[in-house]
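A.B. asks: Provided below for reference: sequence and predicted model.
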Amino acid sequence: MTRSIDYGNLMHRAMRGLIQQVLSDVRDHGLPGAHHFFITFDTTHPEARLADWLKQRYPSEMTVVMQHWYDNLDVTDEGFSITLNFGDAPEDLYVPYDAIQTFVDPSVEFGLRFETQDDDGDDDPEQIATDQDPDPAPDDEHQSDAEIVSLDSFRK
């Protein structure tokens, strides 16, 4: 039996904890400065709650914006509920953290993207992408400045 560290799940948990912490701070102190959020979530998630007309309009995913007007922000360990304005119609939503696909704060070019892993037995640990561009181009237009360093070079 081979045991390994599930870094993908650990990163998902840590990033969702970051979202919870940010939303808790916004609940307690409001949105600071120009900060605002684009949150895309899976509307088919069994614990997501939204009005029937919103489910019909967004049958698989929905992006909401938390910026100028929101109300009743409640943050729990499992997700958050909020009232948002849709064309002068306030609607209550509940979004479990597990349903979040992207969380972006364009005011500071920060974003998290949760990529789902197919249940086909593929053990690819690359489940999560963090990105500063909420809609990255799939081609070579966006080159990463990150450098991969082998740990072997530091061993004696």
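C.D. replies: Alright, I've got the coordinates.

A.B. asks: rest of the way, CA atoms for contacts and neighbours
C.D. replies: OK.

A.B. asks: confidence score at Val26?
C.D. replies: Val26 is assigned 94 on the pLDDT scale.

A.B. asks: Which of the helices or strands spans it?
C.D. replies: When elements are defined using DSSP states H and E, Val26 is found to belong to helix 7-29.

A.B. asks: from the middle of its chain, how far away would that helix be?
C.D. replies: Offset of helix 7-29 from its chain centre (Cα atoms, centre = their mean, to the nearest Å): 9 Å.

A.B. asks: Just name whatever secondary elements it is in contact with.
C.D. replies: Packing contacts for helix 7-29, counted by 3 or more Cα pairs under 8 Å, 6 or more residues apart in numbering; DSSP states H and E, involve strand 70-75, strand 128-130.

A.B. asks: Give me the buried stretch members for that helix, please.
C.D. replies: For helix 7-29, burial by neighbour count (16 or more other Cα atoms under 10 Å) applies to Gly8, His12, Met15, Arg16, Ile19, Gln20, Leu23, Ser24.

A.B. asks: Could you point out which residue ranges in this protein have low pLDDT?
C.D. replies: Applying pLDDT under 70 to the chain flags the ranges 1, 116-156.

A.B. asks: where do the strands sit along it?
C.D. replies: Applying DSSP state E to the chain gives strands spanning 37-42, 61-66, 70-75, 79-85, 90-96, 100-105, 110-114, 128-130.

A.B. asks: To Arg3, which of the ones you listed lies closest?
C.D. replies: Comparing the strands of the chain by their distance to Arg3 (Cα to Cα), the top pick is strand 128-130, with 21.0 Å.
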